[in-house]
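>>> structural data only, the sequence is not supplied:
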């Protein structure tokens, strides 16, 4: 009998919504601050895709010269930004961490508005896509956040200790 992996549904979740799409430097600045906070379990960045090649039109198949598709450094890891980030979803271990997240946002978002919201934004159990893409023994950190059309898996950053 296969036992379903689940994340505990009692973990608080936070959504950081910027009122504009963020530049890579801003994303990097916020991620560096968030990864340094003890107790953040998962961070998901959402926004429109920045494809590596032009997907349609007369330039179809050529390299996409978008300046926001570049690598950022978070801790010791290089991360290639494949989206223009507008929203961060976070799952935290305790609600005590949320004021630290809000403080990090205040330090980064000084020139434009944003919102920090609490609620349920991520799935807490594996989906059919998770099972089909990763199998029954999938890493619990990626459950419920799988993009079925993605050619690559999610980037997992280990937090500071």
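Looks like it came in fine. Just so it is clear, the model here is predicted, and its values are computed rather than measured.
>>> using the three-state scheme, assign residue 16.
Here residue 16 is recorded as strand under DSSP: H, G, I helix; E, B strand; the rest coil.
>>> can you pull the contacts of residue 109?
Contact analysis of residue 109 by C-beta atoms under 8 Å, 6 or more residues apart in numbering lists 18, 30. C-beta coordinates here come from the backbone N, C-alpha and C atoms, glycine included.
>>> name the element the residue nearest the centre of the chain belongs to?
Closest residue to the average C-alpha location of the chain: residue 44 at 1.8 Å, with C-alpha atoms, centre = their mean. Using DSSP states H and E, residue 44 sits in strand 40-46.
>>> how far does the helix or strand bottoming out on mean pLDDT in the chain sit from the chain's center?
For the chain, using mean pLDDT, DSSP states H and E, the weakest element among its helices and strands is helix 128-134, scoring a mean of 74. The chain centre lies 19 Å from the centre of helix 128-134; the measure is C-alpha atoms, centre = their mean, to the nearest Å.
>>> okay, buried residues for that helix please.
By 16 or more other C-beta atoms under 10 Å, the buried positions in helix 128-134 come out as residue 130.
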